[in-house]
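**Q** model the structure of this input:
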Amino acid sequence: MGGPRLLLQHHYRSRSASSSFARSPSTDSTGNDAAVHHSLAVPADTAVACPFGGPLDGLARADVREAAYEVFFMSCRAGGAKGGGALAYFPEGGGGDVSPTVGGPRGSTGMNVVNSRVKRALGLKARRSSQPSTALRSGVVNASSSSAPGSPGRAMRAVNGHQHPSSVPGSPRARRPMTSAEIMRQQMRVTEHGDARLRKTLMRTLVGQVGKRAETIVLPLELLRQLKLADFADSGEHHQWQRRQIKLLEAGLILHPSVPLDRASNGAVLKFREVMQSAEARAIDTGKASDAMRALCDAVLALAWRSAPAGEACHWADGYPLNVLLYVSLLQAVFDLRDETVVLDEVDELLELMTRTWATLGINRMLHNVCFAWVLFQQYVATGQVEPDLAGAALAMLTEVAADAKQESRDPVYARVLSSSVAAILEWSEKRLLDYHEMYGKGICGGGNSIAAMECAMSLALAAGKIIAQSVPGMGISATNTHGVGCFAANRVDYYIRCSMRSAFTKMLENGLGQEDGVITDRDDDTSEILTRLAKDTEQLALSEREGFSRALRRWHPFPAATAAVTLHGCFGVVLKQYLVKAASLTSELVHVMHAAGRLEKALVQTVVEDVADSDDGGKSVVREVVPYDVDSVLVGFLRAWIEERLRVANEGLLRAKDTESWMPRSKTEPYAQSAVELMKMAKATMDEFFGIHVSARDDMVRDLAGGLGSIFQEYISFLASCGNKQSYLPSLPALTRCNQDSTIKRLWKKAAVTPCRVPPSSPRACMPYGAPAGAGHNPRPSTSRGTQRLYVRLNTLHFMLSHIQALDKSLSFFSSSSSSGAGARCGSPSANRRLAAPPCHFDQARASAHSAIGHVAEVAAYRLIFFDSHHSFYDGLYAGSVADARVRPALRTLKQNLSLLLSLLVDRAQPVAVREVMKASFQAFLTVLLAGGNHRSFSKEDHAMIEEDLRSLKRAFCTRGEGLVTEDVVDSEAEVAEGVVALMGQTAEQLVEELSIATTCGSPRMSSAQRLPMPPTTRRWSRTDPDTILRVLCHRDDEVASHFLKRAFQLPKRR
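**A** Numbering: from 1, shown residues only. So this is what the prediction gives:
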């Protein structure tokens, strides 16, 4: 019993054992059981079940306790028992000395707690008061006033609950203290009446048999022989007592025999069953002449003595688990009935007396150690774990058990008792340690009691687990673990920390989700908020663990806080991974969750680093378990996917615009395409959302976003510019011919016929185009077609796009520069200032494409307006027939109306380039009339003045109707080519031939008249010095010299 003491830290406040054993000795066992059951009541989830099998059939707890006391009393009374002592009997009426006492070395004087070897070995504190233990007092002395806490043996006896004559003041006899036997009787809650019956039976049994050993007595059978109906209060009590004795015999001889029954025992078993069945209905006659009693005796003796020679030992109570249950019931008597956390001061004497039952019950020292360890542990649990000294005592006994369990030769019963009891201790302890935050977490902030209780459970679990690992194979616990953090204790503590942290984290998650499965759901509205709060709670849990439990767990584990932090890191990582899998796109809520995860990871990693700093290997094993969340890379991936999704949506809008856009203005105030509005609105929203996302690596994505949007803008601009080209509206050039010269008579006749009918220039008829009906010259309407107006919408849309692209570029440049410069921009660093001052450059290609498209669309619109919409007044009507009859005035009227409509349809920014392109197209149309007017146009030198005047009128139209949009210098510059061609028309045919010869030969020697000139190429780049231009002037000259030259030089045919 002198095993080493296992110390526990942070003990509870020692409870004051001030209560005394005040129950009357005559109190019945039913009342005692009820009181004890009430005092030992503990929550169902903290109670521990008996590991030695279920309740015995037909025997209640009180029945087992009474049977244990009977065995105890018989073992102490019978001679020749271990210890050499015997129970002495004092007849009643002999004053105060009416209780049996115990003979032996210590007699009935008791033992002082200071000298208690058992309590000292178990580490139990002294609980005796300073009152003398053997003081004799006069007067009326009751138990509550004279007993010391935890020592009912010091209480003065009060017989039958009233004052004894010897206690009267001045009485010569004073009452003595209780003996150990009396203490045992009261601890076992046996009534005096029952004790008297037991003494009576043993006296009759042992008469004349001095030295008879207890192990040779079948006690229940002797009780049935000796006790009659007259020894009980009534027949019901007698019948119930008789059934208990028979049930006890059945349990020891048939149900749980120490030696298994064989075929030869069947007859005895059948006889016993018959007697037992008859005893169920009514009590059997136990007289000497009773057949039932005779049959019962034969059967019991045959079964009890079948495995041993006569006279050595009978076997009726040494079978498992009956023997262990009886012995455990005896061991439970060492606890004070009034304070179950207190071990009696007389524990040494009581245990010494209990050893006398070992022969009857088949108990040895090894079984005693296991049973006593279990009883101490069970009492610690039953009393609500308020007394850590009991846990320390259980640990001390487990140390003895561990030493016993290492012995090679072990009894099979001992192996069963060892495995079941130690497994029960381990199961109870691990149930709390696997979730110690739930079991002991409430006391972290309020005091150390919860942590001390957790330490007790941890010590018990480690002691029990080590016994199992070393001595009980096949239970899943290994004594060596190469994958752990060190020794057995460290590995087990590591396991408990991880399990408890996972359990605590799961509870936090379930509380946040409001459900029990702990899986992220599709409720996107609050899942992000739950995870953000979960990250904060996880960080707080790690801090509480570090400040609370980890300090205590460092006793067994080198870095408990680091292990807890790594476990929480992994748990949150699993939840975060589920959340990211379900996350469809990058949102502000997701960014908040990732930032919270980053803060949590930083705090947990800091905890790991600080906790493993003093470890031998630097905590490499636990550090390797940390799988980073990679917050930045995850956000970059989501941001890149977000950008791709936005660009995909924009591309879809672009494709939809290509299929559905009709180029109708949204309204008069918004004269541009609906698709452009939607595209730019989407781009603006994308940009705002992009810069609203707080991601550290956002600047790396600016180029990707700008490049994607720029490509979409360029594609849309290309779509806007896909309106054809000016060549499709230019008339084809007619074949070169020479004017057909009429005879002199015919020309005079035409002149005479036309001259009288010529209309004055001021007449409205003079303003009508060639071939136009009468009345067509009054109030001409704009000739701009719907197609041309749609080109104007395209032009407006291009300017709308350009303005918004510039705004987006500035915004993109500003935000990217300010965010990338950070503190440097705020401090005015030169590099930051250069970035902020730099012009927008992200959409340069898109802007260049827009400018190019504006010029192209404006050019196409102008050529369509002049050559298609106004063809009747320009190309088809101007100078058709004769110059005098088809002047430019009707074309100018139409042009002015079209320009007015153009200015009303185009936005201000689009008007200058559009009017300039119309001016260019008008001059081109004027030249086309002069140089490629077809067979119905011919000119003479005399027409030069009128043509020159018409050109000046055309120039003035743009200077006046352009509303200042085109300056005179620009008009003059664009009209230079036309003026040069008109100047050629003012020359004679001979001069033109000379000009053509010079232009064709390009400075080569002068050719003879016999030689043919090469046909100049048609480039449509007309100018005064262009050979093709001069040739076309000659082709339209109604002159004989020109006709002869063209025929001789180029063999051109006459017009038909």
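**Q** and residue 205, how far from residue 198?
**A** Per C-beta to C-beta, to the nearest Å, residue 205 is found 11 Å from residue 198. For glycine as for every other residue, the C-beta is placed from the backbone atoms N, C-alpha and C.
**Q** the two: who's more crowded?
**A** Using other C-beta atoms under 10 Å as the criterion, residue 205 and residue 198 rank with residue 198 on top: 22 against 19.
**Q** so what pLDDT did the more buried one get?
**A** In this model, residue 198 is scored at 87, pLDDT.
**Q** so that it lines up with my notes, have the first residue be 26 from now on.
**A** With the count now opening at 26, the last piece we talked about shows up as residue 223.
**Q** ok, it - contacts?
**A** 94-95, 98-99, 248 (C-beta atoms under 8 Å, 6 or more residues apart in numbering).
**Q** helices - which of the residues you listed land there?
**A** 94-95, 98-99, 248 (DSSP state H).
**Q** any idea which of these is closest to residue 1011?
**A** residue 94 (151.7 Å; C-beta to C-beta).
**Q** from what I see, that closest one and residue 213 are in contact.
**A** Yes. Contact status for residue 94 versus residue 213: in contact at 4.3 Å, counting by C-beta atoms under 8 Å.
**Q** which residues are common contacts for the two?
**A** Contacts common to residue 94 and residue 213, judged by C-beta under 8 Å, 6+ apart, are residue 355.
**Q** please parse the chain into its domains.
**A** 86-103+204-346, 526-654, 811-841+866-1028+1039-1075 (the TED database).
**Q** will you turn those into JSON lines that also has distance to residue 703?
**A** Output for those, formatted as JSON lines (distance: least, C-beta to C-beta, whole Å):
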{"stretch": "domain 86-103+204-346", "distance to residue 703": "85"}
{"stretch": "domain 526-654", "distance to residue 703": "20"}
{"stretch": "domain 811-841+866-1028+1039-1075", "distance to residue 703": "12"}
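**Q** among these, which is nearest residue 380?
**A** domain 86-103+204-346 (8.9 Å).
**Q** distance between the closest one and the chain's centre?
**A** 66 Å (C-alpha atoms, centre = their mean, to the nearest Å).
**Q** gap between the two ends of that domain?
**A** 14 Å (C-alpha to C-alpha, to the nearest Å).
**Q** quick check: the gap between the closest residue in space to residue 721 that isn't next to it in sequence and residue 747.
**A** Excluding the flanking residues, the one nearest residue 721 by C-beta to C-beta, 6 or more residues apart in numbering is residue 657, at 5.9 Å. Applying C-beta to C-beta, the value for residue 657 to residue 747 is 43 Å.
**Q** now do residue 245
**A** 113 Å.
**Q** more neighbours: which of the two?
**A** Neighbour count, other C-beta under 10 Å: between residue 245 and residue 747, residue 245 has more, with 25 against 12.
**Q** isn't residue 517 up against residue 488?
**A** No. At 10.6 Å, residue 517 does not count as touching residue 488 under the criterion of C-beta under 8 Å.
**Q** now what about the helix or strand harbouring residue 569, what contacts it?
**A** Taking DSSP states H and E as the definition, one finds residue 569 inside helix 549-572. Outside helix 549-572, the residues that touch it by C-beta under 8 Å, 6+ apart are 462, 466, 469, 526, 529-530, 533-534, 537-538, 545-546, 586, 589-590, 593, 596-597, 600-601, 604, 612, 614-615, 617-618, 621-622, 624-625, 628-629, 632, 636.
**Q** quick one: buried residues of that helix?
**A** 552-553, 555-557, 559-560, 562-564, 566-567, 569-571 (16 or more other C-beta atoms under 10 Å).
**Q** by pLDDT, give me the weakest of the residues you listed.
**A** Confidence-wise, residue 552 trails the rest of these, at 86.
**Q** looking at the buried residues of helix 549-572, which is nearest residue 498?
**A** For the buried residues of helix 549-572, the nearest to residue 498 is residue 570 (34.3 Å; C-beta to C-beta).
**Q** how far away is the closest one from residue 646?
**A** Taken as C-beta to C-beta, the span from residue 570 to residue 646 is 19 Å.
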